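In: build me a model from this:
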Amino acid sequence: MMRTNLWKTTGPAVVVALSLMVAACASPAPEAQKSSATPATPEATSAQPQAPSPKAGGELRIGWDVNFPTIDHRRTPSNSVRDASNYIHETLFNVQFGKLTPWLVDKYEFSPDGSSLTLHLHQGIKFHDGSPFNAEAVKYNLEWFRAAHEGWQFRHLAADIREVLTPDNDTVEIRLAKPNMFLPEILAHQALAIVSPAADQADPKQYDRQAAGTGPFKLASRTAAQLVLDRNPDYWGPKVYLDRITFQSIPDPSARAIALEAGDVDVARAMPHNDVNRLKAMPNMDVLVVNGFRSMMLFMNNRKAPFDNVNVRKAVIMATNRDQYSQSVYNGLAKTATNLFGPGFPDRVALGTQPYDPEKAKQLLAEAGYPNGFDTVIATSASWEADVVAQAVAADLQRVGIRAKIQSMEFNSMVNYFQKKDTDYQMVTIAMQPLIPTAWNILTDHQTGVGRNAVLYSNPEIDRLTVESAATVDPDKRHQMLVQGQEILWREVPRGALMHLPLTTAYRTNVKNLEHTQFDALRAQWAWLDR
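Out: Below is the predicted model:
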């Protein structure tokens with residue numbers, strides 16, 4: 001494999017192979033963490049101490065890390081909002097412990113040439129509004145996904161769908177303009193969860209007022225500060241024990257910790273890493289720590305000088321002391337990045353750490369025409385300690401002549417700020433994760449003009465590899481294309497991955513069967529309270 005001599009490798013690339021036969025599922029990654037409990041979902045396989053028998057009833061209160069301007073998972077830029085919305089809505093496929101499995105689908109198969117995917121749906125399911133989940137409902141959603149809608153940023157994921165046929169009430173045939181072997185993984189994406197066509201058509205621009213999915217919980221009420229969900233008594237899937245889940249918006253991480261300690265919430269999502277040991281030591285308290293796929297990233301606007309110059313982007317990353325950030329910000333729990341996202345999912349390779357070398361950074365800046373550095377702005381929010389990382393990055397950049405001013409913003413406002421059309425942002429610190437369980441996601445995030453390409457990177461070779469790898473039926477050839485694309489992106493640094501982050505959820509120990517997946521989905525749908 002080709003490597004640029006600017007990057008120091010820590011050893012041979014570690015390949016996580018994907019043995020994807022025409023109708024096979026993705027390879028499993030290490031398990032999600034769970035609170036002690038008797039497993040409540042079919043996929044829950046972690047070996048935990050035997051807990052008391054599950055008890056029905058009660059309200060689970062969760063301190064959430066963002067507010068709720070909407071719960072329409074299709075129109076929000078926030079992973080956390082989608083996570084909460086997916087207690088109401090479900091996807092055709094599910095990702096559990098890094099493994100792709102059918103969910104609303106019983107079984108599926110590609111045609112031998114990969115030109116069509118046939119889904120055989122689970123029968124007897126109803127949406128919360130009483131309308132049936134069937135082939136026509138799935139067709140409605142798939143056609144919505146491939147159309148242009150305001151606020152819909154993932155249209156490119158469904159772009160290969162040419163036609164949707166419904167041979168019978170329980171069968172959907174998806175015909176493709178060209179083969180896309182990642183379509184089941186795409187259909188597991190939280191933003192592509194299935195909605196009731198009747199509810200969506202009632203008021204298309206205000207769907208979240210009458211949101212209706214097939215999930216274990218249904219909408220009771222919502223404000224920007226609080227989302228209340230009640231148990232769906234007609235749920236088709238694994239037994240649900242809780243009567244109600246209340247998501248309390250507490251964007252400040254320290255405030256979430258205080259709320260948990262005070263007993264105002266039972267669970268606190270996305271806890272500060274420096275609080276982990278302290279919370280673990282408290283009576284009746286514990287913390288799930290999951291080695292997730294999420295990375296702390298430094299976005300740089302590739303379309304705007306000076307970050308349109310690859311040497312400037314390399315210099316920025318070389319100036320950052322990521323090992324020190326792991327200790328000072330993340331309590332030693334974070335790992336210096338070896339790719340854009342953390343290890344453990346198919347076709348992702350370890351590409352070595354990008355070196356901390358301030359002197360080389362100065363040299364690259366001079367070669368790029370900035371011998372005296374430049375002034376810039378780093379936008380950030382308090383989410384996932386991104387604000388603390390921004391301050392550390394700014395201090396390191398100052399040492400090589402880059403004078404960075406910190407601009408603090410509320411998280412959703414910041415996301416809208418750097419994703420808007422014709423954006424003028426310069427740099428952003430943000431924690432991100434892949435949205436589908438394959439390294440193809442790394443390439444699609446950098447495809448010219450797509451919604452997740454917020455760094456505005458454009459490279460015809462990445463565009464070619466993105467398209468051709470998806471259309472390649474042979475898994476070995478597909479893997480080589482994905483590796484080639486990852487190596488290009490690691491060399492050109494369109495966005496800088498600083499560290500791979502652990503995912504941390506604190507909870508009171510009377511909360512049982514709580515799960516946190518590597519894709520940062522907090523699964524409390526099948527939790528119960530030991531009262």
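
In: list the buried ones in stretch 235-254?
Out: Residues 235-237, 240-242, 245-251, 253 are the ones in stretch 235-254 that count as buried (16 or more other Cβ atoms under 10 Å). The C-beta positions use only the backbone N, C-alpha and C, and glycine is treated the same way.

In: same question for stretch 297-313.
Out: 297-302, 306-307, 309, 311-313.

In: also stretch 272-285?
Out: For stretch 272-285, a neighbour-count test (16+ other Cβ under 10 Å) marks 272-276, 279, 285 as buried.

In: hang on, the earlier thing: make TSV from the buried residues of stretch 297-313 and add distance to residue 214 to it.
Out: Shown next, in TSV, are the buried residues of stretch 297-313 (distance: Cβ to Cβ, whole Å):
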residue	distance to residue 214
297	34
298	39
299	35
300	41
301	40
302	40
306	49
307	44
309	49
311	51
312	48
313	44
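
In: among those, which ones are in helices?
Out: Among those, the ones falling in helices (DSSP state H) are 311-313.

In: tell me where the protein has helices.
Out: Using DSSP H, the helices found in the chain span residues 79-85, 135-145, 183-186, 197-202, 253-262, 276-280, 310-318, 322-328, 358-367, 386-398, 411-419, 440-444, 460-470, 475-492.

In: who are the packing partners of the fifth one?
Out: In this structure, helix 253-262 makes packing contacts with strand 59-64, strand 267-268, helix 276-280, strand 495-508, judged by 3 or more Cβ pairs under 8 Å, 6 or more residues apart in numbering; DSSP states H and E.

In: recalculate using a threshold of 10 Å.
Out: Contacts defined by 3 or more Cβ pairs under 10 Å, 6 or more residues apart in numbering; DSSP states H and E place helix 253-262 against strand 59-64, strand 244-249, strand 267-268, helix 276-280, strand 495-508.

In: again, but for the fourth one
Out: When contacts are defined as 3+ Cβ pairs under 10 Å, 6+ apart, helix 197-202 sits against helix 135-145.

In: kindly export the helix it packs on (C-alpha atoms) in CSV.
Out: Extracted in CSV, the C-alpha atoms of helix 135-145 (Å, rounded to 0.1, in the frame of the first residue of the first chain):
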residue,chain,number,x,y,z
ALA,A,135,-45.1,-3.4,0.9
GLU,A,136,-46.9,-0.2,-0.2
ALA,A,137,-45.8,1.6,3.0
VAL,A,138,-42.2,0.6,2.3
LYS,A,139,-42.5,1.7,-1.3
TYR,A,140,-43.8,5.1,-0.2
ASN,A,141,-40.8,5.5,2.1
LEU,A,142,-38.2,4.4,-0.4
GLU,A,143,-39.6,6.7,-3.0
TRP,A,144,-39.5,9.6,-0.4
PHE,A,145,-35.9,8.8,0.3
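
In: that helix: which residues count as buried?
Out: For helix 135-145, the neighbour count (16+ other Cβ under 10 Å) marks 135, 137-142, 144-145 as buried.

In: how distant is stretch 133-153 from the center of its chain?
Out: 21 Å (Cα atoms, centre = their mean, to the nearest Å).

In: is residue 503 bridged to anything, and to what?
Out: Beta bridges link residue 503 to residue 290, judged by DSSP bridges.

In: ok, it touching residue 289?
Out: Yes. Between residue 503 and residue 289 there is a contact under Cβ atoms under 10 Å: 7.4 Å.

In: more neighbours: these two, which one.
Out: For residue 503 versus residue 289, neighbours defined as other Cβ atoms under 10 Å are more numerous around residue 503 (28 against 18).

In: measure the more buried one to residue 431 for me?
Out: According to Cβ to Cβ, to the nearest Å, residue 503 stands 10 Å off from residue 431.

In: please enumerate the shared neighbours of these two.
Out: 270, 292, 294, 384, 520 (Cβ atoms under 10 Å, 6 or more residues apart in numbering).

In: where does the chain dip in pLDDT?
Out: 1-51, 97-98, 421-422 (pLDDT under 70).

In: neighbours around residue 148, how many?
Out: Counted by other Cβ under 10 Å, the residues lying close to residue 148 total 6.

In: please give me every residue in contact with the residue nearest to it when sequence neighbours are not counted.
Out: Take residue 148 and drop its neighbours on the chain: the residue closest to it by Cβ to Cβ, 6 or more residues apart in numbering is residue 155, 6.4 Å away. Contact analysis of residue 155 by Cβ under 10 Å, 6+ apart lists 144-149, 450-451.
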